[in-house]
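K.L.:
give me a model of this one.
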Amino acid sequence: MTISIYAVALMALMAGSHADVAPEDTTVVLQGVTVSGQRQRDFQMRSSQSAVQVSHDYLQQHFSGSLMQTLEGIPGVKAMAIGSGQSKPTIRGLGYNRMVVSEDGIKHEGQQWGDDHGLEIDQFAVDRAEVVKGPAALLYGSDAIGGVLSLYTNHVPTEPLTGSLQLFGRSNNEQIGVTAKLAGRHGNWFYRVGATLIDYADYRVPTDSIQYYSYWIRLKDGRLRNTAGCERDGSVVLGYAGYRFHTDLRISDSYSKSGFFANAHGLEVRLSDIDYDHSRRDIDLPYQWVNHLKVLSHTSWQSDRLRMEGNFAWQNNHREELSEPVSHGYMPKPDGTLERRFVKNTLTGNLALHISLGNRHELSTGLNAEYQHNRRGGWGFIIPDFETASMGIYAMDRYTLSEGLKLNAGVRMDYAKTHISSYHDWFLTPIDNNVSVYKERSADIDRSFTSLTWSAGINYATGNWVLKANVGKSFRVPIPKELGADGVNYHIFRYERGNASLDPEQSYQFDMGIHWDNDVFCVQVDPYVNYFPNYIYLNPTAEYVEGLQLYNYTQARVLRYGVEAQATWVIDRHWEAEVKGEYLYAEQLSGDKKGYTLPFSTPWSADAGIKYSFQWHGDSFVSLNARLVGAQHEIVPPEKPTDGHWTLNFSAGKQIPLSGGKLNIALHADNLLNKKYYDHTSYYRLIDVPEPGRNVSLMVGLEF
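P.N.:
Below is the predicted model of the structure:
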């Protein structure tokens, strides 16, 4: 898709900008989160934690590649890019197994511990999203120590037949894609089906060479060779929606295949016979593919004062990483290309009971249970086989003192048991006096964990103000990688070693929220303080194993604090301005790196934007945004500081009413000036790879 197509679309969006406009209304649009008056207050009063709702329209208008890149406009939310087609979510600098991604009430379980493992979720199936920032272990248990990204695909259609068809593309990696949905309702029965196809090429960066361990590597046409990929998603839902009873069954399957940047997989690629520059759309070794199959059932029943619901799911995550067979250390050259295989099956069950006790008390209780079974394969080792079983029970009371004053408190008890299987190398390693052994990489380990967590908060509303505060304790069970890893992580250029004696990670956090809104100005400030008595992280050492730096899993006392702020000004019926920013500070209070921050710490950032809305055969808008990211000099050696940078971004959209539907056009451009910069949270910066250059995304969709 050429840039001229985007230019034509832009001219169509701009046409008629001086036409008549609709009468003025009092709706405030906060980056796609549309709120007004009582609706905004009701949402702010619903929880004492910092939370943001994201509408389906926002997801369409701000389409920027992956789901997490689309959600990056929310203060505190970041996307760690993985090549050109995937990204991992972080909330307030915490990601991987420190935040939960929930889909229709079920915790999404893949191989999320990996830096290069993205979300196996069809972003175009998502109807709306909600981000909870801060500890949420009370409802979700382990892993929700940093927050929750809740995705909802459970919209119940009201018409006999509705649907949509969307075509989209991106200029930087020449992505092309199509997604389609059909839904309908007949009486109390309803259905939804959807499918998505995506294909993309190697992506471009604003440089012609990179440096890997003092070797200079040239890039053809500024492209990161072998970062092409594809994605195939499909889902079907059948359900019954009555006045008091609702049940549905959802089956979804997500498949993706993507190449690893060849020069990031080790210097051995210099000896490869593969012509990586032959085509920018082929996927050569090394590459990965993953298939995530999910079967999810949701059932609820309610009376006037009672609501019961149950969510049950089975998930199968099958991932394989393939690369050219080469020898490392004492390992001889393997026979095949299968470097690693992970097959994870997860069974999940959630039961919840909500009781209204009079006009003031809302009592919620629940039970969560989960079983994980993971098996590995291939000639490369990084994590062992494991099984994990966990169960938690909670109770939470919400007490209304008055319309403007609400209290909430809850407590939760969890038990988890993890079994890690022993693993020995398939090749011999010499140890002494000409004696060789099959080296044990992982011992047979059984660990049990018990944790008590709690949370308490207050919401207060008066006039245009909403004030809230929340204090709570969360926990996280050490994952098998942290307990039993012992191998080379080629994609992050280091040797990782686990620690079988790790304790459960504990977290204490205090959050505040200050919100003021008069339908012209809207201001939100969310400060927080977070203390970890035993934060788990990979500690870089001065040792080298198999030619790579050794990182050990360790624990340390850590203090984190920060603030997120956002202000919106509706200047008039056409113009709207917004400023937002975030700051995070982290410091280790004990251990070998006492006084240092945490690796890959997020630098401060700020955004300023202006938006012009107008009416011309439908709702239309254009907006310009400047993003400023500060330098990061707070590092953990051997990390290097990262300079600050700024980028200019552009968005435009139009909704054209049609008979029986509407046509949506969304245009989004990142890094308009094609600036070269480095993201401090990206491991690619370690080999001098900058972030993608100019990237224009276009989506055209028909809804009927």
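
K.L.:
which element is the spatially most central residue of the chain on?
P.N.:
Centrality entry for the chain: nearest residue to the mean C-alpha point is Pro89, 2.3 Å, by Cα atoms, centre = their mean. Pro89 is located in strand 86-91, with elements delineated by DSSP states H and E.

K.L.:
which residues of the protein score low on pLDDT?
P.N.:
Scanning the chain for pLDDT under 70 picks out the ranges 1-41, 81-86, 213, 266-270, 491.

K.L.:
would you map the helices across it?
P.N.:
3-14, 37-46, 56-61, 67-70, 137-140, 480-484 (DSSP state H).

K.L.:
run the chain-centre distance for the last one.
P.N.:
If I follow you right, that is helix 480-484. The chain centre lies 22 Å from the centre of helix 480-484; the measure is Cα atoms, centre = their mean, to the nearest Å.

K.L.:
try stretch 440-448
P.N.:
30 Å.

K.L.:
buried stuff in it?
P.N.:
Arg441, Ser442, Ile445, Arg447 (16 or more other Cβ atoms under 10 Å). The way it works is simple: take the backbone N, C-alpha and C, and place the C-beta from them, glycine included.

K.L.:
out of those, which sit inside strands?
P.N.:
Arg441, Ser442, Ile445, Arg447 (DSSP state E).

K.L.:
who's in contact with the last one?
P.N.:
So the one you mean is Arg447. By Cβ atoms under 8 Å, 6 or more residues apart in numbering, the residues touching Arg447 are Lys417, Thr418, Ile420, Pro478, Leu483, Ala500.

K.L.:
any idea how far the first one lies from Phe386?
P.N.:
Same thing as Lys417. Lys417 is 11 Å from Phe386, where distance means Cβ to Cβ, to the nearest Å.

K.L.:
same drill for these two, tell me which one is more crowded.
P.N.:
Phe386 (22 against 15; other Cβ atoms under 10 Å).

K.L.:
go ahead and confirm the more buried one touches His419.
P.N.:
Yes - using Cβ atoms under 8 Å, Phe386 makes contact with His419 at a distance of 6.4 Å.

K.L.:
out of the contacts of Arg447, which end up buried?
P.N.:
Applying 16+ other Cβ under 10 Å to those flags Thr418, Ile420, Pro478, Leu483 as buried.

K.L.:
got TSV for the buried residues of stretch 440-448, with distance to Val520 too?
P.N.:
Formatted as TSV, the buried residues of stretch 440-448 follow (distance: Cβ to Cβ, whole Å):
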residue	distance to Val520
Arg441	62
Ser442	60
Ile445	60
Arg447	56
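
K.L.:
which of those residues sits closest to Thr196?
P.N.:
Closest approach between these and Thr196, by Cβ to Cβ: Ser442, at 37.6 Å.

K.L.:
excluding residues flanking it in the chain, which one is nearest Asp282?
P.N.:
Ala228 (6.5 Å; Cβ to Cβ, 6 or more residues apart in numbering).

K.L.:
and the one you found, how many neighbours?
P.N.:
28.

K.L.:
repeat that for the one 4 residues further on.
P.N.:
By the criterion of other Cβ under 10 Å, Arg232 has 16 neighbours.

K.L.:
then the one 5 residues further on?
P.N.:
The burial count assigned to Val237 is 24, neighbours taken as other Cβ under 10 Å.

K.L.:
against Trp604, how distant is the spatially most distant residue from the centre of the chain?
P.N.:
In the chain, the residue that sits farthest from the middle, by Cα atoms, centre = their mean, is Asn433; the gap is 50.7 Å. Distance from Asn433 to Trp604, counting by Cβ to Cβ: 57 Å.

K.L.:
was I right to think Met413 contacts Leu452?
P.N.:
Yes - using Cβ under 8 Å as the test, Met413 is close enough to Leu452 to be in contact (5.6 Å).

K.L.:
more crowded one of those two?
P.N.:
Between Met413 and Leu452, counting by other Cβ under 10 Å, Met413 is the more crowded of the two (13 against 10).

K.L.:
beta partners for the more buried one?
P.N.:
Taking DSSP bridges as the rule, Met413 bridges to Ile393, Leu452.

K.L.:
wait, what's in contact with it?
P.N.:
Contacts of Met413 (Cβ under 8 Å, 6+ apart): Gly392, Ile393, Tyr394, Thr450, Ser451, Leu452.

K.L.:
can you give me the neighbour number for the nearest residue to the first one once chain neighbours are set aside?
P.N.:
Distance criterion Cβ to Cβ, 6+ apart; nearest residue to Gly392, sequence neighbours excluded, is Asp414 at 4.0 Å. The local packing of Asp414 (other Cβ under 10 Å) involves 21 other residues.

K.L.:
how about Val193?
P.N.:
15.

K.L.:
what's near enough to touch it?
P.N.:
Counted by Cβ under 8 Å, 6+ apart, Val193 has contacts Lys181, Leu182, Ala183, Ser235, Val236, Val237.

K.L.:
just the buried members of those?
P.N.:
For the contacts of Val193, a neighbour count by 16+ other Cβ under 10 Å gives the buried set as Lys181, Leu182, Ala183, Ser235, Val237.

K.L.:
kindly state the beta-bridge partners for the residue lying closest to Ala565 once chain neighbours are set aside.
P.N.:
Excluding its sequence neighbours, the residue lying closest to Ala565 (Cβ to Cβ, 6+ apart) is Val525, at 4.8 Å. Partner residues in beta bridges with Val525, using DSSP bridges, are Ile514, Ala565.

K.L.:
Val525 against Val563, yeah?
P.N.:
Yes - if you go by Cβ under 8 Å, Val525 and Val563 touch, sitting 6.7 Å apart.

K.L.:
looking at these two now, which is surrounded by more residues?
P.N.:
Per other Cβ under 10 Å, whichever of Val525 and Val563 has more neighbours is Val563, with 17 against 14.
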